[in-house]
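[1] I need the structure of the sequence given here:
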Amino acid sequence: MHVAFLGLGLIGGSVALALRHGDGASGHRLVAWTPGGRGPAEALAAGTIDAVAAEPAAAVAGADLVVLAAPPLATLALLDLLGSLPRGALATDATVTDVASTKGMVVARADAAGLAFVGGHPMAGRETSGFGAASADLFRGRPWVVVPGRHARARDVERVTDLALACDAAPLPMDAAAHDAATAAISHAPLVVAAALVEAMAGPPGAEAAPGWDDARRLAASGWRDMTRLARGDAEMGAGILATNADATAARLRAVRARVDAWIAALEARGAPDADALRTALAADRERASALDRETP
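    Numbers count the residues shown, from 1 in each chain. From the prediction side, this is the model:
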């Protein structure tokens, strides 16, 4: 199968490595393009891909499967580009997929462009980026969400499902709205919470830090590091995720705000906080969190 990658960083590079060297490798022709060309050049030198394309149209020419391995906003632009290509530049039987973290706006844009599109979201990643951070086993055992667009055919869904299986992932069919609501809860709202925590302590951009921050940061250890890990991610990627899943994320943040308000009320109770009630709440939350850890593959 001829696979074209538009984008070849951590996720796209890991897909390419799995197709070339993983358990599901089976003689694919892999071609890649990125705006700067660095990832494809590194992948070509490593023997991971077969060719570097000078432009997107050259990359997708003759491709059976086109993988848009870019952040959400860039993915939207690539879908517009594919939809505007001259007739025949993209094979009529070609399948287009993506690996972006949001699906509603992406699938809608692909539908508007008339593309045979099946949205994809491999639920795996790292804090590092670029092809140099890619790994053939990044997706092993992880869910790979599959969201068919309006113009997707049975063979398109099959190709994207097979792609997930070739990466040793577990294909998971979902509706775009359900996917975005779920990822808002487990990823996108936590990103904003992490950023808000940094702003509350170290100060928002252009403002002074909270009183006592100099002392606090000297004492900061794993608790602070773990709670703010998502705030250390790629700002462009994060902005694109939030911009393309704003409503679902805002809804989840309102739920978080309500629970924070409830904790504030408990801590500011007249007299003194009820230690037994606090202990009961924390124990219940610990059990819920532990249960999620046990259920996560």
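[2] Now do the helices in the stretch 101-250 of the chain.
    Counting by DSSP state H, counting those that start in this stretch, the stretch 101-250 of the chain has helices at residues 104-112, 154-166, 176-183, 189-202, 213-219, 222-227, 235-244, 246-267.
[3] Could you identify which of those is most buried?
    Comparing those by mean neighbour count (mean count of other CB atoms under 10 Å), helix 104-112 comes out on top with a mean of 21. Using the backbone N, CA and C atoms, a C-beta is placed for each residue, glycine as well.
[4] Quick check: chain neighbours aside, which residue is closest to the residue nearest in space to the middle of the chain?
    Note on the chain: the residue nearest the mean C-alpha position is Ser101, at 3.2 Å, using CA atoms, centre = their mean. The shortest distance from Ser101 to any non-neighbouring residue, by CB to CB, 6 or more residues apart in numbering, is to Ile241 (5.0 Å).
[5] Report the contact partners of that neighbour.
    Pro71, Pro72, Ser101, Thr102, Ser187, His188, Leu191 (CB atoms under 8 Å, 6 or more residues apart in numbering).
[6] quick one: which of those residues is most hemmed in?
    Thr102 (31 neighbours; other CB atoms under 10 Å).
[7] Wait, that one touches Asp180, no?
    Yes. Thr102 lies in contact with Asp180 (CB atoms under 8 Å); the separation is 5.8 Å.
[8] got any ranges where the stretch 1-150 of the chain has weak pLDDT?
    23-26 (pLDDT under 70).
[9] And the strands in it?
    2-6, 29-33, 51-52, 65-68, 95-98, 117-122, 143-148 (DSSP state E, counting those that start in this stretch).
[10] Reformat those strands as TSV; add mean neighbour count.
    TSV is the format used below for those (neighbours: other CB atoms under 10 Å):
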stretch	mean neighbour count
strand 2-6	26
strand 29-33	23
strand 51-52	17
strand 65-68	26
strand 95-98	28
strand 117-122	26
strand 143-148	22
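[11] and of those, who's closest to Leu172?
    When the strands of the stretch 1-150 of the chain are compared by CB to CB, strand 143-148 sits nearest Leu172, at 4.5 Å.
[12] Can you list the strands that that closest one pairs with?
    Next to strand 143-148 in the sheet, as set by DSSP bridges, lie strand 117-122 (antiparallel), strand 170-173 (parallel).
[13] between those, which one is nearest to Gly9?
    Nearest of those to Gly9, taken as CB to CB: strand 117-122 at 12.9 Å.
[14] ok now that closest one, how far from the chain's centre?
    Here the centre of strand 117-122 is set off from its chain's centre by 11 Å, with CA atoms, centre = their mean, to the nearest Å.
[15] can you check stretch 101-117 too?
    For stretch 101-117 - counting by CA atoms, centre = their mean - the centre lies 16 Å from the chain centre.
[16] Give me the contacts around that stretch.
    With contacts defined as CB under 8 Å, 6+ apart, stretch 101-117 is touched by 72, 75-76, 79-80, 82-84, 94-98, 100, 119, 121, 145, 147-153, 156, 174, 176-177, 179-180, 183, 187-188, 237, 241, 244-245.
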